[in-house]
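Student: model the following, please.
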Amino acid sequence: MSHDSVLTLDGVTPKSVGMGVFRRTQRPILSSTVDTIVTVPGMHGAYDFGATMGPKQFELECAFFAKNYIELQQRVSALAAFLLDGDGTPRTMPIIFSNQPDR
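Tutor: Okay, the predicted model is just below:
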């Protein structure tokens with residue numbers, strides 16, 4: 001991974017597709033939980049059967065670098081094509097952050 005890259009997505013750096021990802025992007029430490037709670041009608045309280053971890057969601061602050069709107073549209077279209085498979089379904093791929101390359 002390049003030292004100036006914040007992340008790679010399936011081995012591709014944002015810079016290679018004309019995009020920047022900013023380091024001030026916030027990422028949560030833990031995922032949210034999915035709680036299993038059952039209430040019984042007519043009774044007070046609830047039964048708590050514990051929780052599991054949900055998906056970890058975060059937002060990346062990004063910007064495309066382009067000379068004009070035509071180049072910008074080409075880069076946006078290329079990114080969309082990269083993120084989708086041949087059927088138009090989102091691809092599953094590893095995202096590796098430079099400050100945590102082992103995760």
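Student: for S31, what are phi and psi?
Tutor: phi -70, psi 160 (degrees, to the nearest 10).
Student: let me know the pLDDT of the residue lying closest to it once chain neighbours are set aside.
Tutor: Once flanking residues are discounted, S31 sits nearest to K56: 4.1 Å by C-beta to C-beta, 6 or more residues apart in numbering. Where C-beta positions appear, they are placed from N, C-alpha and C, glycine not excepted. Looking at K56, its pLDDT is 85.
Student: equivalent analysis for G45, please.
Tutor: 94.
Student: contacts only, for it.
Tutor: Listed by C-beta atoms under 8 Å, 6 or more residues apart in numbering, the contact set of G45 reads T39.
Student: not counting residues beside it along the chain, what's closest to the most centrally placed residue in the chain?
Tutor: Of all residues in the chain, the one closest to the mean position by C-alpha atoms, centre = their mean is F58, 5.7 Å from it. Nearest-residue entry for F58: R27, 4.4 Å, with adjacent residues in sequence omitted and distances by C-beta to C-beta, 6+ apart.
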